[in-house]
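> sequence first, predicted model second:
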Number of protein chains: 2
Amino acid sequence: MKPIVECVPNFSEGRRQEVIDAIVNAMAFSPGVRILDVEKDADHNRSVVTMVGDPDGVLEAAFQGIAAASRLINLDEHRGTHPRIGAADVVPFVPISGITMSECVALARRLGERVAGELGVPVYFYEEAASRPDRRNLENIRRGEYEGLKERIGKDPDAKPDVGPEKLGPAGATVIGARQPLIAFNVYLSTDNVEIARKIARAVRHSSGGFRFVKALGMLVGGQAQVSMNLTNFHRTPMYRVVEAIRREAARYGVTITHSEIVGLVPHDALINAARWYMQIDNLTPDLILENRLWGEEGMR
Amino acid sequence: MKPIVECVPNFSEGRRQEVIDAIVNAMAFSPGVRILDVEKDADHNRSVVTMVGDPDGVLEAAFQGIAAASRLINLDEHRGTHPRIGAADVVPFVPISGITMSECVALARRLGERVAGELGVPVYFYEEAASRPDRRNLENIRRGEYEGLKERIGKDPDAKPDVGPEKLGPAGATVIGARQPLIAFNVYLSTDNVEIARKIARAVRHSSGGFRFVKALGMLVGGQAQVSMNLTNFHRTPMYRVVEAIRREAARYGVTITHSEIVGLVPHDALINAARWYMQIDNLTPDLILENRLWGEEGMR
């Protein structure tokens, strides 16, 4: 099986289309890479690129994107509502198929070395690629943003980059790492009482005692209560388990799930795992799925 | 999306390996075709080949396989426990992706014309390709088997082939058609009482008043009651609906589903449909599945 990695670089430019284009074009030349999505946000003044492909191609594309962003974006002039410390702000690698998390960590480290060495940009490793526990969480690294880091770097030992110089140019610093695919998933309830959604969100999310890989908020959307979630590791906290926990909590308040929705994309395996669990198909393995037989040898799965 | 069709020809030879090899080799040369499986059964004296690929390639492969079987198998000398009327006994086309049922019917008709015209073998069209309602069901066409058909053909108007001569050579006749993919699926119950499995089988199967596209039997397997099924159209009678009906019937008898199993292969969509239904993901469409984005443009799905 040909390894497929996803990379989702976040760039601190969401307004000047010519700059966004230049960055994306710098990435698009890399062979074996497909750009799936470019999402720009003018308020955040930030763009998020989603690309997939073979590991070496994706690493090269990410490097070219970071190089272009570092040349074209000046953090001293950047204003936006989203926290950021660099022109290429965050660059996560995500294992999709035929590749392990530790291989994605190795990709992150290789990219970091190149960014530090060839561009002179300080690099911090985060999540699965973190070199210290306090750097697993992106928000810890980004606290104080570009302006704060500019003052702390070279003085505060906690601000010392993992690789690269202990000083900040106008391109800022880049946070590079590896993480599981994220599923943005909303569950709607048969009520307009947002308090019920908030209680259920608290019950299922990690921060208040729930499932380890769930972030959740209760909100009111179109007059309907919604539990809005990010599932940050669907292998270890599967979708079906969260859905059934919400269903049980909802019943406690006399409401039901009316429907749910995927925001963005969902990995194939998250759905297959749910089918296996609900229908109790103990013997279900990927080679029992007809389509996998067709495409298996072509190397796609 | 490149169209993918499956074809599952059944040949009346399950003992002489050199004959099976010759038939399979005759099919394997067709470009754009992959042979997924060859299953031979000596008692049945029958082999079932599963192949997939582009429609023209699969049609050519099927024709070459029928031609080889018609040359190498003599029905006057064939003995086996499985009913049969021809050397190439049954040849169904199955839509997998990017192809409709009516395109599969057209393939069946084209293959039938070639088999009749070039090989002089009488052809009956069945299931979705049937030209008369009484020929939808394979068992109606095959009643009396080769030996019975030999006496009826040319005399009984009901035995008149759809295409080809009204006489039977030693290669017999071939039944060609189109059908939905079949899912062989067993559900195990928390009891050794086979009567409960039989009652549930009767409740869910078409022949005794259950779901239209379910065939079911209750049996005892390794001391555990099992509902053994063929789902003949998972689009119209979905897996999840059958599983939940069995669960409800089982509860009536105080038992539960312990697990289930796929026999052979299951189409990807049957599982995705279940995930969508159980988790109520109303907005789930194929383009929301990450992997489909990766492979979409390469034409695989």
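Arrived safely, thanks for sending. These numbers come from a predicted model, not from an experiment. Residues are numbered from 1 along each chain as shown, chains lettered A, B, ... in the order given.

> any residue of stretch A:58-70 touching chain B?
No. Taking Cβ under 8 Å from any Cβ of the partner chain as the criterion, stretch A:58-70 and chain B are apart, separated by no less than 12.0 Å. The C-beta positions use only the backbone N, C-alpha and C, and glycine is treated the same way.

> now that stretch: mean pLDDT?
Model confidence over stretch A:58-70 averages 98 on the pLDDT scale.

> what pLDDT is listed against the residue most central in space within chain A?
A centroid search over chain A (Cα atoms, centre = their mean) returns residue A:182, at 5.8 Å, as the residue closest to the centre. Note on residue A:182: pLDDT of 92.

> quick one: the residue of chain A most remote from its centre from chain B, how far?
Residue farthest from the centre of chain A, counting by Cα atoms, centre = their mean, is residue A:254 at 34.8 Å. Distance of residue A:254 to chain B, given as Cβ to the nearest Cβ, to the nearest Å: 18 Å.

> what of residue A:68?
From residue A:68 to chain B the distance is 24 Å (Cβ to the nearest Cβ).

> ditto for residue A:185
8 Å.

> mind checking pLDDT for that residue?
Residue A:185 carries a pLDDT value of 94.

> surely it meets residue A:264?
No. Here residue A:185 does not reach residue A:264: they are 9.5 Å apart, not a contact under Cβ atoms under 8 Å.

> any idea which helix or strand of chain A has the worst average confidence?
Lowest mean confidence among the helices and strands of chain A (mean pLDDT, DSSP states H and E): helix A:290-296, at a mean of 73.

> which residue does the stretch 101-250 of chain A bring closest to chain B?
Among all residues of the stretch 101-250 of chain A, residue A:243 sits closest to chain B, at 4.9 Å; criterion: Cβ to the nearest Cβ.

> same check on the stretch 51-200 of chain A?
Among all residues of the stretch 51-200 of chain A, residue A:52 sits closest to chain B, at 5.4 Å; criterion: Cβ to the nearest Cβ.

> for that residue, what are its contacts?
For residue A:52, the contact set (Cβ atoms under 8 Å, 6 or more residues apart in numbering or on different chains) comprises A:4-7, A:33-34, A:36, A:58, A:96, B:293-294.

> helix or strand for the residue of the stretch 101-250 of chain A closest to chain B, which one?
Secondary structure here is read from DSSP states H and E; on that basis residue A:243 sits in helix A:239-252.

> next helix or strand past that helix?
The next secondary structure element downstream of helix A:239-252 (using DSSP H and E) turns out to be strand A:257-263.

> that next one vs helix A:239-252, what angle?
Computed with axes from the mean of the first three to the mean of the last three Cα atoms, to 10 degrees, the direction of strand A:257-263 lies at 140 degrees from that of helix A:239-252.

> how about whichever helix or strand comes after strand A:257-263, does it reach chain B?
Reading on from strand A:257-263 to the C-terminus, the next helix or strand found by DSSP H and E is helix A:268-278. Yes. Contact check for helix A:268-278 against chain B, using Cβ under 8 Å from any Cβ: residues in range are A:268, A:271-272, A:274-276, A:278.

> what about stretch A:192-203, average pLDDT?
For stretch A:192-203, the mean per-residue pLDDT is 98.

> how far does that stretch sit from the chain's center?
Remark: stretch A:192-203 is offset 25 Å from the chain centroid, using Cα atoms, centre = their mean, to the nearest Å.

> what is the burial count for residue A:116?
The criterion is other Cβ atoms under 10 Å in any protein chain shown. On that basis, residue A:116 has 20 neighbouring residues.

> give me the distance between it and residue B:45.
Taking Cβ to Cβ, to the nearest Å as the measure, residue A:116 and residue B:45 are separated by 70 Å.

> again with residue A:117
As for residue A:117, its distance to residue B:45 is 70 Å (criterion: Cβ to Cβ).

> neighbour count for the two, which is higher?
residue B:45 (20 against 12).

> give me the pLDDT for residue A:239.
At residue A:239 the predicted local distance difference test score is 98.

> now do the buried residues in the helix holding residue A:243.
By neighbour count, with 16 or more other Cβ atoms under 10 Å in any protein chain shown as the criterion, the buried positions of helix A:239-252 are A:239-247, A:249-250.

> in terms of helices and strands, where is the nearest residue to residue A:114 once chain neighbours are set aside?
If you skip the residues right next to it in sequence, residue A:114 has residue A:63 as its closest partner in space, 5.4 Å away by Cβ to Cβ, 6 or more residues apart in numbering or on different chains. Of the helices and strands defined by DSSP H and E, residue A:63 is found in helix A:55-72.

> so what's residue A:202 up against?
Remark: with contacts taken as Cβ under 8 Å, 6+ apart, residue A:202 is in contact with A:208-210, A:216, A:218.

> okay, and the beta partners of the residue of the stretch 51-200 of chain A closest to chain B?
According to DSSP bridges, the partner residues bridging residue A:52 are residue A:6, residue A:34.

> that one and residue B:42, how far apart?
Taking Cβ to Cβ as the criterion, residue A:52 is separated from residue B:42 by 48 Å.

> and residue A:192, by the same measure?
If you go by Cβ to Cβ, the gap between residue A:192 and residue B:42 works out to 67 Å.

> also residue A:132?
Plainly put, residue A:132 is 65 Å away from residue B:42 if you go by Cβ to Cβ.

> flag the shaky bits of the stretch 1-150 of chain A, pLDDT-wise.
Scanning the stretch 1-150 of chain A for pLDDT under 70 picks out A:1.
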